[in-house]
Structures are given as C-alpha cells and as structure tokens.
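> I need the structure of the sequence given here:
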Amino acid sequence: MGVLLGTPLRVGALSMRGSLPSEKSISENPDFLSIFRRFRRAPNHGWLAVERPSRYRAGVAKPKKQITAAPKDTAEALEQIEQPKMNWKVLGLIGLALAVVWVIAGILQPTIGYVGLIVAGVLTVVALGFLIWVWRLTRKSADIAAILKGATDKEGRMAALEQLRARQTPGGKDALNAIAQAQLVAQEAPAEAIRILEEIDVNKAPAMVQDDVRANLAMFYLMTGRARDARELANEIRLDRQSQAKSKAMYAAVVAESFARTGDAEEARKLLETYDPSDKEFGQVSGMLLRAQVYTYTATKKRGRARTAMEELLEVDPNMVAAFVQKGTRPELSRLAKQVLAGAGALPKPKMRVRTR
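Numbering: from 1, shown residues only. This next block holds a predicted model:
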C-alpha cells in the first residue's frame, strides 16, 4: 500500500492462482474432469504428480516428466503474511527535519520575531497529526494481518470473516477491511469478492490504499474475463506511488495483463521487461508476472517467449497453467497450455492407432 511511514498489510497476491476466483480448481471445472481428475502429492516425493483417469491408462504415451512444483496454497500464503510495522528510519528523518526547522526559527527569532516559531509550531502539529494517522492505519493493518493468519482452512476463513465484518465501519467504508474480506471469499464466491470491492468509494479511501483497491479489483476482473473493466482501473494505478518491491510487482503484473488483453501489448511488454519473475523478493507475485508475460508475448506474436513464460509458470503454479485450458480462453493460449501440460506429463496424449485390413 504505498504507506510512507509503515509497512502495511499486503493481501494483494493471495488469490492470484489459476483457480481463483472464477477459474475453478481442476476437480471442479467440467472441462477438466476427463483429463485432470485431481492433482495430488506424490508419495515419498516433494513434488506434484498427476493421477490419470482410468480410461486413459491404456493406449497412451508415457508422460515425459513429472511436474516439479506444487500449486501455491492460499493457506500457506496467509500464514506467511508479515506483520505491518512502522518505518522508524523515516520517522527519524522527519523528526530531524522538524528539529532543524525549530533551530532555524530560534536563530531568526531576533530578526523576524515570533513568526518563525509559529510556523515551526504549525508544521510540528501537522506532522504529529500525520504521524498519528499513519500509526493508526498501521495498527489497523496489523490487526487485520493477525486475523488473516488464522484463515488457513474453511473454518478459519469463516471465523476471520466474522471478525472482519464485526470490525467493518458502517457502509463498508474501511478499504483495508474490505480488501481482506474480498480475499477470503474469492475462492468460493468470486462474485461476492468483486461486489465487496466495487462498493468501496476509491476516491474517499486513504490515498495510500486507493491503488491497492484498484489492483485487487482489476485482478478479480481479469480472472473473470472482464479485461475492459480491469483496464479502466489499471489506467488509474500509479506504480511510482508504491515503494515496496513486491507490491509494485503485483501492480505491474495487473497493469501489464490489462494492457495486453485490451490492445496495448507493446506497452505491457515494456513494463514487464523491468521486472524479473525469478526475483525471490517477489514471492508468489512471480506467478502473476509470468501469467502477464504469457498474455503479452502471445499478443505480440512472440510465441517462443510465450511458451517459455508458460513453462516457467508451470513450475510456479500448475493450476495457473491448467486454467488456460478452460472454455472461453483464446484458442492459441489454450493450445499452448495443453502443449506445456502434455510436455510435463500432466496431459496424457492418446496414441494414434492405424487399423489394417
């Protein structure tokens, strides 16, 4: 959230899996039932394996390899949420600046009288008011983060939702609270998550939170096929207002994908080239960057780079690749996803049998 003095709550990337919010999990999507019965953990291994349906077990080519990464778990991501904290370095600089103002005002007092001291006093009051506001915002973020840490299963999510709803201000005006609620309901009720965020008056939300609201809502729009709506929000997001690398990368991924899917793939390419998905600092946001790359390179006819991005995405989160196979996806993206999944052994290929007379 671009907070100058604090490290606020970050919930923007938790739901950006291929199965969220409308891109259903493999076992829930009718298009996947015949091919992807379930993803499961392979016994005695640390990677993901795919169990093939029985009707494919005869007369098919052996898979080339196993997928070597399990899909990211939302519960795991929630457990890893960092507690927001004040940026004491910035606070110290502000305090030092105020001290300098007071010293100058004191030196000039014989010349300009008490005017300098009055100005210094006003600036101090304004600074203190701002610091108190930021402190309260940071504390609120910390409380929400503590609630989300317990939402690691369905029961935990329901309990967290109850706590968040109880703390929400009348009319749902607390943007931080609304974002957290939307993240929690997105997996089971994507339309409800979108409704929660759409009810926020972005212009009345704290300036530090406005782009968080836009980025999260745009992300959900993209996942539900509403690229035009996402583009309208992406146009308002300013990356220069975000100082945290992970949050800025999340914004960039959402903006780039919105651009790529609405006719500005070249601008999306330029933006994505400034972010390296392999940067460990980005964490789960790497999957969002790679997904944006897939759309961008496909739109710019760079099929080789699109395939590379898809293969890297498979290593980060197989569900995000499998989501490209569902109905409504552009044919070239669906074909590419099937090729990548087949190459990983996740999509068995029937053998061609020639009958002779």
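
> any low-confidence regions in the stretch 101-250 of the chain?
By pLDDT under 70, the low-scoring segments of the stretch 101-250 of the chain are 171-172.

> Could you pull out the helices in it for me?
115-149, 154-167, 175-185, 190-198, 207-223, 227-234, 245-260 (DSSP state H, counting those that start in this stretch).

> check contacts around the closest residue to Leu161 other than its chain neighbours.
Excluding the flanking residues, the one nearest Leu161 by CB to CB, 6 or more residues apart in numbering is Leu184, at 5.4 Å. C-beta here means a position set from N, CA and C on the backbone, and glycine is covered the same way. By CB atoms under 8 Å, 6 or more residues apart in numbering, the residues touching Leu184 are 148, 151, 157, 160-161, 164.

> separation between the residue lying closest to Lys248 once chain neighbours are set aside and Ile104?
Distances taken as CB to CB, 6+ apart place Gln242 nearest to Lys248, at 4.4 Å, with adjacent residues excluded. Gln242 sits 33 Å away from Ile104, taking CB to CB, to the nearest Å as the criterion.

> When the two are compared, which one has more neighbours?
Gln242 (22 against 13; other CB atoms under 10 Å).

> From Ala105, how far off is that one?
Counting by CB to CB - Gln242 and Ala105 are separated by 35 Å.

> which strands and helices sit next to the helix or strand hosting Thr296?
Using DSSP states H and E, Thr296 sits within helix 285-299. Counting contacts by 3 or more CB pairs under 8 Å, 6 or more residues apart in numbering; DSSP states H and E, helix 285-299 packs against helix 245-260, helix 265-272, helix 303-316, helix 318-322, helix 331-343.

> export those helices to TSV and tack on distance to Val294 and mean neighbour count?
Formatted as TSV, the helices and strands packed on helix 285-299 follow (distance: least, CB to CB, whole Å; neighbours: other CB atoms under 10 Å):
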stretch	distance to Val294	mean neighbour count
helix 245-260	9	25
helix 265-272	11	19
helix 303-316	5	19
helix 318-322	9	27
helix 331-343	7	17
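
> With distance to Ile94 added, can I get these in a markdown table?
As requested, the helices and strands packed on helix 285-299 are exported to a markdown table (distance: least, CB to CB, whole Å):
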| stretch | distance to Ile94 |
| --- | --- |
| helix 245-260 | 22 |
| helix 265-272 | 32 |
| helix 303-316 | 39 |
| helix 318-322 | 42 |
| helix 331-343 | 49 |
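
> Relative to Ile132, which of those helices is closest?
Ranking those by proximity to Ile132 (CB to CB) places helix 245-260 first, at 23.7 Å.

> Off-centre distance for the closest one?
With CA atoms, centre = their mean, to the nearest Å as the basis, helix 245-260 stands 9 Å off its chain's centre.

> Ok, stretch 91-111 next?
42 Å.

> do you know how far Arg269 is from Met320?
20 Å.

> Repeat that for Met250.
Met250 is 15 Å from Met320, by CB to CB.

> now swap in Thr152 and tell me
21 Å.

> sorry, back to before: so for Ala99, which of the helices of the stretch 101-250 of the chain sits nearest?
Closest approach to Ala99 among the helices of the stretch 101-250 of the chain is made by helix 115-149 (9.8 Å; CB to CB).

> avg pLDDT for stretch 290-300?
For stretch 290-300, mean pLDDT is 97.

> Of all the residues in that stretch, which ones are buried?
For stretch 290-300, the neighbour count (16 or more other CB atoms under 10 Å) marks 290-299 as buried.

> got the contact list for it?
Against stretch 290-300 from outside (CB under 8 Å, 6+ apart): 16, 18, 252-254, 256-257, 259-261, 265-266, 268-269, 272, 277, 303, 305-306, 309-310, 312-313, 316, 320, 324, 330, 332-333, 336.

> hmm, back to that, distance to Val90 added to the buried residues of stretch 290-300, as a markdown table?
Below are the buried residues of stretch 290-300 laid out as a markdown table (distance: CB to CB, whole Å):
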| residue | distance to Val90 |
| --- | --- |
| Leu290 | 33 |
| Arg291 | 33 |
| Ala292 | 31 |
| Gln293 | 34 |
| Val294 | 38 |
| Tyr295 | 37 |
| Thr296 | 35 |
| Tyr297 | 39 |
| Thr298 | 42 |
| Ala299 | 40 |
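
> tell me which of those is nearest to Asn203?
Relative to Asn203, and with distances defined as CB to CB, the nearest of these is Ala292, at 26.7 Å.

> Kindly provide the distance from that closest one to Ala215.
13 Å.

> Which neighbours do the two have in common?
Val254.

> Checking my notes, Gly328 in a helix, right?
No. Under the criterion used here (DSSP: H, G, I helix; E, B strand; the rest coil), Gly328 is coil, not part of a helix.

> from memory it sits against Thr224, does it?
No. Using CB atoms under 8 Å as the test, Gly328 is too far from Thr224 to be in contact (10.0 Å).

> Settle it for me: which of those two has more neighbours?
Thr224 (18 against 10).

> Would you mind confirming that that one is in contact with Ala186?
No. The criterion here is CB under 8 Å, and Thr224 misses it with Ala186 at 10.2 Å.

> how about Thr274, what does it touch?
Ala252.

> okay, now Arg238: neighbour count?
12.

> wait, what's in contact with it?
Contact analysis of Arg238 by CB under 8 Å, 6+ apart lists Asp211.

> Relative to Gln210, which of the helices and strands packed on helix 285-299 is closest?
Per CB to CB, nearest to Gln210 of those: helix 245-260, 11.7 Å.

> quick one, that closest one and helix 207-223 angle?
Orientation check (axes from the mean of the first three to the mean of the last three CA atoms, to 10 degrees): helix 245-260 against helix 207-223 gives 50 degrees.
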